[in-house]
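Peer 1: Predicted coordinates and the sequence they were generated for:
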Amino acid sequence: MVDMTTAHLPAGAGGRPAGLGRTLRERVRTAARSVAESAVTPLDLDDLLDHFHPLRRGAELSGRVLEVVPETAQSATLVIKPGRDWAGHVPGQYVRVGVDVDGVRLWRTYSLTHGPRRDGSISITVKAIEGGTVSNHLVHRTAPGTMLRLAQADGDFVLPQPLPAKLLLVTAGSGITPVIGMLRNLFSRATPPTTDIVLIHSALSRAEVIFAEEIRGYAARGLIRLVELHTDTDGLLDVDSLDELVPDLAERPTYACGPAGLLDALEAHHSARGLVLHTERFRPVTVAAPGEGGTVTFADGREVSADGSTPILDAAESAGVLMPSGCRMGICMGCVLPLKEGAVRDLRNGALTVAVPGETDPAGVPIQTCVSAPAGACSVDHS
């Protein structure tokens with residue numbers, strides 16, 4: 001006779017129904033967690049786990065700095081062990097990094113610069129810029145063991161698959177960072193691709209070339225053709241010289257990353273000729289004429305003045321106001337806050353966003369503080 005109470009359950013070890021075993025284990029885990037929660041009160045058990053095991057699955061995504069490698073006098077590569085929930089990346093993408101500076105968490109975006117690594121670590125390469133709070137902290141003040149917050153990789157500045165027969169890569173300064181990740185990935189393969197790659201890289205001087213030995217090594221091995229320019233001796237890269245530097249330019253899709261001036265010039269050059277161009281910008285494109293600026297009042301009563309070309313995010317952080325942020329390019333929406341009253345101007349297109357108490361949404365009108373400047377007096381809720 002069949003025992004109908006257990007016939008629908010698969011047998012576990014010792015003939016015991018597996019379902020009963022799972023139930024018992026779940027009860028034990030629940031009881032153990034309850035005991036642990038009581039032991040650490042008033043803290044939460046997750047608080048304790050965050051301290052001793054911050055890279056575990058299910059925790060807020062973080063990374064531990066394993067190594068800080070100087071690249072030039074003002075740049076360094078940070079090798080980071082990410083938490084177990086890190087989902088990986090495609091070469092050319094970027095990552096948002098949360099850095100605690102003097103007790104304030106600030107978020108910045110950096111390109112991922114590593115190729116395949118057996119240890120599962122990732123890397124970013126940061127150039128310290130004058131007045132840059134986070135970049136200087138990472139390059140000059142960060143030590144191995146430092147914990148950083150991470151977001152998942154993002155961005156569409158990636159090479160097509162399959163690769164075209166020819167490619168042109170144009171970079172300047174720290175704009176080499178997403179491209180080095182692409183090259184490391186390509187040339188780490190057992191059989192490197194046969195794509196004909198030209199890299200034009202411009203830096204302030206020979207000493208300022210990030211990854212200098214590596215890219216020169218690729219050229220020496222015949223993997224790329226390198227055109228290296230130095231502003232102190234060659235002047236700024238003139239996009240009109242591309243036809244001379246790369247005679248088959250029309251046959252090469254171009255991937256470019258660097259200062260806004262270079263990318264603007266490349267876009268005009270390629271658009272006029274109907275050429276394919278993909279760009280990665282570290283700052284949003286500003287096409288609107290700056291306004292007169294104004295004063296921003298925050299929920300805690302603090303006031304910050306900003307001119308018409310300074311994003312509210314930058315002005316607020318300079319004044320010590322803790323602000324949410326992300327890509328700082330108007331893409332990720334990590335900086336959005338409600339405008340309660342007044343007007344702001346979008347620095348990308350000049351569009352005005354206005355909030356009028358009693359007329360617009362009482363909760364405020366959402367604005368991106370990284371690409372919005374005050375257009376007169378306004379108030380923003382950052383509580």
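Peer 2: Right, received. Where do you want to start?
Peer 1: In the stretch 151-300 of the chain, mark out all the strands, start to finish.
Peer 2: Residue ranges of the strands in the stretch 151-300 of the chain, as given by DSSP state E, counting those that start in this stretch, are 166-172, 196-203, 225-230, 254-257, 277-280, 291-298.
Peer 1: Point out where this protein drops to low pLDDT.
Peer 2: 1-22, 28-53, 282-291 (pLDDT under 70).
Peer 1: Can you give me the domain assignment for it?
Peer 2: 13-52, 62-150, 166-280, 291-380 (automatic domain parsing).
Peer 1: So which bits of the one helix or strand residue 100 maps to are buried?
Peer 2: Assigned by DSSP states H and E, residue 100 belongs to strand 94-101. Neighbour counts using 16 or more other C-beta atoms under 10 Å place 94-99 of strand 94-101 among the buried residues. The way it works is simple: take the backbone N, C-alpha and C, and place the C-beta from them, glycine included.
Peer 1: of those residues, closest to residue 334?
Peer 2: Of all the buried residues of strand 94-101, residue 334 sits closest to residue 96, with 7.1 Å by C-beta to C-beta.
Peer 1: Hmm, that closest one is touching residue 107, no?
Peer 2: Yes - counting by C-beta atoms under 8 Å, residue 96 touches residue 107, with 5.6 Å between them.
Peer 1: Need the residues touching each of the two.
Peer 2: 326, 334 (C-beta atoms under 8 Å, 6 or more residues apart in numbering).
Peer 1: Can you get me a residue count around residue 322?
Peer 2: When counting by other C-beta atoms under 10 Å, one arrives at 14 neighbours for residue 322.
Peer 1: doesn't it fall inside a strand?
Peer 2: No - counting by DSSP: H, G, I helix; E, B strand; the rest coil, residue 322 is not found in a strand; it is coil.
Peer 1: what are the phi and psi angles of it?
Peer 2: phi -80, psi 120 (degrees, to the nearest 10).
Peer 1: Same question for residue 374.
Peer 2: phi -60, psi 140.
Peer 1: Now do the contacts for it.
Peer 2: 293-296, 306, 308, 312, 342-345.
Peer 1: List the contacts of the closest residue in space to it that isn't next to it in sequence.
Peer 2: Counting by C-beta to C-beta, 6 or more residues apart in numbering, residue 374 lies nearest to residue 294, which is 3.8 Å off, once chain neighbours are set aside. When contacts are counted by C-beta under 8 Å, 6+ apart, residue 294 touches 305-306, 342, 374-378.
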